[in-house]
Every structure is written in C-alpha cells, then in structure tokens.
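Peer 1: I would like the atomic coordinates for the input below:
(one chain, ligands or ions: 3)
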Amino acid sequence: MRGKISIVGAPMDLGQLRRGVDMGPSAIRYAGVVERLESLGYQVNDLGDIEIGRDRLTTDPLTGLRNLEAVVQASTKIADKVDKIMKEGSFPLVLGGDHSIAIGTLAGISKYFKKLGVIWFDAHGDLNTPETSPSGNIHGMPLAVSLGLGETTLTQICGYCPKIQPENIVIIGARSLDEGEKRLIKEKGIKVYTMHEIDRLGIPKVIEGTIAYFKDRTDGVHLSLDLDGLDPLYAPGVGTPVEGGLNYRESHLAMEMFFESEMITSAEFVEVNPILDEKNKTGILAVGLMASLFGESLL
Ligand SMILES: NC(=[NH2+])NCCC[C@H](N)C(=O)O
Ligand SMILES: [Mn+2]
Ligand SMILES: [Mn+2]
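Peer 2: Ligands and ions are numbered 1, 2, ... in the order given. Coordinates of the predicted model:
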C-alpha cells in the first residue's frame with residue numbers, strides 16, 4: 001500500500017465565461033481516475049464534489065470582477081475541504097473546474113507549510129489583479145490572489161494572507177502573458193520557464209531546474225496543472241487554448257520526474273471542459289498525467 005489520496009471535485013465555472021467546465025470533475029471521473037490510481041497501490045477516497053453556487057453573471061460594480069461573491073463562497077468551501085484532507089494526512093487531489101479553484105486549494109494547504117512551493121503548469125500566468133485584468137475573469141487571477149494581490153475578499157480567504165511567496169513559485173509553459181502580468185513577474189522576480197526557455201533547454205533540464213530550485217527553499221510543493229499548458233492538439237477541451245504548448249510526452253515526462261523527486265505534496269488538475277472536448281480526450285489525458293505523477297511507469 002502506497003499512501004492515501006483524497007479526491008475532491010470542484011465543479012466551478014464562475015471564474016470565466018465559457019459553460020461546461022463545471023463538468024470537468026465528471027469527465028475526469030468518467031475517464032477512470034479512481035481505478036487508475038488504485039491500481040498503482042494507493043488507497044483512494046473520492047469525497048465527491050464541493051457545492052458551487054449556480055448564481056452566475058453578476059459583475060462587481062467596484063472592481064469589475066465577475067461572480068465575485070460566489071467565487072469567495074466556493075473558495076472558502078474548497079479550502080475547508082482541503083484543510084480536512086491535510087489534517088487526516090491524506091494527499092489532496094482537486095479536480096476542476098476553472099483555475100479560480102486554486103484560490104481555495106492554496107488557502108487550505110498553505111497553512112500546513114512554512115514555505116510552500118507552487119508549480120504553475122499553464123499557458124497563462126494567472127497573475128492578473130482587477131487593475132490589470134483584460135477580462136474581469138477570476139480564473140486569470142488565482143496566483144496573484146495567493147500572493148496577496150487583488151480583491152481583499154479573495155486574498156483574505158481563511159483569514160490570512162499571503163498564502164505563498166513569489167520566490168517559491170515556478171511557472172512552466174507560459175506563452176500568453178498580459179502586460180500587467182509581465183510587469184509583476186519582473187517586479188517580484190518570479191521564476192518562469194516560458195515556451196521559449198522550454199524549447200531551448202528541453203523539458204528534462206527545465207524539470208531538473210525546477211526540482212533543484214525548490215529543493216532547499218520549500219517544505220512542500222503544490223502542483224497546479226492547467227490543461228491548457230499542453231498544446232491544444234493534445235488538450236482540445238479547454239476554454240482558453242493557446243497554440244505552441246507542451247506535447248504529450250513532454251508533459252508526461254514532467255509528471256514522471258516530479259514523482260521521482262518525491263517532492264509533490266498536493267495537486268490540482270483544472271480547466272477540463274468536456275463540452276469543448278473531443279470524446280473526452282482532455283479528461284483522459286488528465287487521468288494519464290495523474291497516473292504518471294503518482295508513479296505509473298512504462299515498464
Ligand atoms: N486559468 C486560465 N485559463 N486563465 C486564462 C486567463 C486569460 C487572461 N490572461 C485573463 O486574465 O483573462
Ligand atoms: Mn491557462
Ligand atoms: Mn490557469
């Protein structure tokens with residue numbers, strides 16, 4: 001027996017405008033996540049879904065943020081659930097849902113670590129604040145929120161702030177950063193492997209570099225994997241696809257290397273939208289990536 005994994009679904013679609021991403025957790029379960037991880041020798045406990053408000057399409061008059069109240073409520077529920085899982089000594093595996101769920105996940109996890117590292121595997125930086133956001137969509141903000149930047153009701157979830165430090169973040173796969181996000185990255189000195197660096201170095205060096213970077217500075221590492229980090233060729237079922245992403249094997253190799261590092265202490269897989277997908281290709285891919293992260297080997 002390898003250890004305990006607790007799965008929780010966050011059927012969240014309030015952080016952006018495209019419908020269907022709330023069905024992400026179902027699509028991932030349908031692709032057999034529980035059976036696949038059990039077959040690797042884990043004790044897998046599927047805790048079901050968190051209840052997310054259905055009250056959509058409000059825009060906060062002050063900040064222009066969409067569905068702010070509902071996202072705050074949902075994030076608090078996600079944080080409480082993840083907190084319980086941590087307390088039980090189980091590995092929290094959160095299924096999204098749009099990327100705004102990371103606000104809740106990090107709020108629930110980070111109090112268990114003095115220096116939590118975060119791998120942000122994504123085409124985007126998700127570092128917008130209400131001032132810099134081109135869209136008002138909260139799924140473009142969770143990393144900034146976790147740094148304590150932006151709307152106070154979001155940054156203060158669980159009553160403490162910030163959840164993480166800028167020097168404990170590594171972004172992998174970025175290729176669509178807004179101007180305000182680029183400024184913030186430079187200002188805070190956040191480590192980013194854009195697709196440019198990934199092309200030049202190759203994924204093995206990038207992941208080795210990430211692991212080495214975290215080795216002495218963190219006491220736990222959360223993997224926040226947005227499926228749009230992969231090329232849309234492999235992950236078509238996402239709401240904000242960007243050309244020129246990681247391919248199938250590069251992404252799996254990254255997961256295999258993270259497993260070998262024994263560094264990852266929690267994870268979430270987000271932005272799976274079965275309505276935009278091709279026969280659940282993206283849901284199936286997500287499960288394959290999870291299997292690699294938890295030690296499935298090719299031989
Ligand atoms: N988690 C994501 N897919 N985020 C996409 C964000 C897109 C854009 N940067 C925005 O702020 O709206
Ligand atoms: Mn993204
Ligand atoms: Mn994202």
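Peer 1: what sits against the closest residue to Pro241 other than its chain neighbours?
Peer 2: What sits nearest to Pro241 in space, not counting adjacent residues and going by C-beta to C-beta, 6 or more residues apart in numbering, is Pro232, at 3.8 Å. The C-beta positions use only the backbone N, C-alpha and C, and glycine is treated the same way. The neighbours of Pro232, taking C-beta atoms under 8 Å, 6 or more residues apart in numbering as the test, are Val238, Pro241, Val242, Glu243, Gly245.
Peer 1: ditto for Gly173
Peer 2: Phe121, Asp122, Ala123, Tyr193, Thr194, Met195, Ile198, Gly229, Leu230, Gly245, Leu246.
Peer 1: my guess is the second one contacts Ser224, does it?
Peer 2: It stands for Asp122. Yes. Counting by C-beta atoms under 8 Å, Ser224 is a contact partner of Asp122 at 7.5 Å.
Peer 1: overlap in contacts of those two?
Peer 2: Contacts common to Asp122 and Ser224, judged by C-beta under 8 Å, 6+ apart, are His99.
Peer 1: does the residue nearest to Pro241 sit in a helix, a strand or a coil?
Peer 2: Pro232 falls in the coil class when you classify it by DSSP: H, G, I helix; E, B strand; the rest coil.
Peer 1: Tell me the confidence at it?
Peer 2: With respect to pLDDT, Pro232 has a value of 98.
Peer 1: How about Gly64?
Peer 2: For Gly64, pLDDT reads 89.
Peer 1: Grab the nearest non-local neighbour of it.
Peer 2: Using C-beta to C-beta, 6+ apart, the closest residue to Gly64 is Gly136 (4.6 Å).
Peer 1: Helices of this protein, residue ranges please.
Peer 2: For the chain, the helices defined by DSSP state H occupy 24-30, 33-38, 68-87, 101-109, 142-146, 152-155, 179-188, 195-201, 203-215, 248-261, 281-293.
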